[in-house]
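Trainee: I'll drop the sequence and a predicted model, then ask my questions.
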Amino acid sequence: MAFLEKFNKDEQDFLVALPYRVGLWMSAQDDTGSAVAAGQECLALKKVLEQHSRGMFGSAFVHEILTETWTRQHDWPVWETQAEAVPVDCQKAGALIKAKLGEKDVDAYKQTVLSIAYRVAAAFREYDEDVPFGRRLGRYVRIFLDKVTGFIRGEQYESETLLNISYEEDVALAKLTKSFEEGI
């Protein structure tokens, strides 16, 4: 816990809880899939946190955070009650990490938290054919552009997962990204 020691107890608790809270917040952004969607998104959150707690990162700080997040599962019920303030808290987290550690760790934390949010959003296909034509068209244009970009770069993108992300979740992901950027 060499990096976490640079933060006081409240700051540590705040930074450790945020990855879990972000996943919960993301899951609540679209209620189209009802309890089935919520269940799959919570399972995805748990799975991604477990994977990240064992993973290696470009930032030892992020590894410490995610190991603590996973280890403190007994705190998850308390953290569930704090999910509504996530965008503002992302902004605060970015500023806090930058002040005590620096840009590299802010970027690593931000990318990891956004990755968790994305995986939760993509866990259940809430995209519905009843969505207005303009939104559907925009989504398919994005998929097409994603595939063209992949072809040009010689990479393969999982464009179909974009259909698992609803319009509301897409807006929420953009909001989280903007919140982090405002904090740093």
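Mentor: Everything's here; your move. No experiment lies behind these values; they were computed from the predicted model shown.

Trainee: For the lowest-mean-pLDDT helix or strand in the chain, list every residue counted as buried.
Mentor: Lowest mean confidence among the helices and strands of the chain (mean pLDDT, DSSP states H and E): helix 133-153, at a mean of 78. Across helix 133-153, burial judged by 16 or more other Cβ atoms under 10 Å covers 136, 139, 143, 146. Quick note: C-beta positions are derived from backbone N, CA and C, even for glycine.

Trainee: what's the closest of these to residue 116?
Mentor: Of all these, residue 116 sits closest to residue 146, with 21.0 Å by Cβ to Cβ.

Trainee: hmm, back to that, present the buried residues of helix 133-153 as JSON lines; the columns should include distance to residue 182.
Mentor: Below are the buried residues of helix 133-153 laid out as JSON lines (distance: Cβ to Cβ, whole Å):
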{"residue": "136", "distance to residue 182": "31"}
{"residue": "139", "distance to residue 182": "27"}
{"residue": "143", "distance to residue 182": "29"}
{"residue": "146", "distance to residue 182": "27"}
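
Trainee: wait, what's in contact with residue 170?
Mentor: residue 121 (Cβ atoms under 8 Å, 6 or more residues apart in numbering).

Trainee: how close does residue 105 get to residue 4?
Mentor: 11 Å (Cβ to Cβ, to the nearest Å).

Trainee: what do those two both touch?
Mentor: Going by Cβ under 8 Å, 6+ apart, residues that sit against residue 105 and also against residue 4 are residue 61.

Trainee: ok, these two, which is more surrounded?
Mentor: Set residue 105 next to residue 4 and count neighbours by other Cβ atoms under 10 Å: residue 105 wins out with 20 against 16.

Trainee: center of the chain - which residue?
Mentor: By Cα atoms, centre = their mean, the chain has its centre lying nearest to residue 117, at 2.1 Å.

Trainee: so what's it up against?
Mentor: 22, 23, 25, 26, 172, 173, 176.

Trainee: now the third one, what's its secondary structure?
Mentor: Right, the one you point to is residue 25. helix (DSSP: H, G, I helix; E, B strand; the rest coil).

Trainee: Now do the same contact list for the nearest residue to it once chain neighbours are set aside.
Mentor: Nearest residue to residue 25, sequence neighbours excluded (Cβ to Cβ, 6 or more residues apart in numbering): residue 86, at 3.9 Å. Residues near residue 86 by Cβ under 8 Å, 6+ apart: 18, 21, 22, 25, 176.

Trainee: Could you dump those residues into JSON lines and include distance to residue 81, neighbour count and pLDDT?
Mentor: Formatted as JSON lines, the contacts of residue 86 follow (distance: Cβ to Cβ, whole Å; neighbours: other Cβ atoms under 10 Å; pLDDT from 0 to 100):
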{"residue": "18", "distance to residue 81": "14", "neighbour count": "23", "pLDDT": "96"}
{"residue": "21", "distance to residue 81": "10", "neighbour count": "25", "pLDDT": "96"}
{"residue": "22", "distance to residue 81": "15", "neighbour count": "26", "pLDDT": "95"}
{"residue": "25", "distance to residue 81": "12", "neighbour count": "23", "pLDDT": "93"}
{"residue": "176", "distance to residue 81": "20", "neighbour count": "23", "pLDDT": "92"}
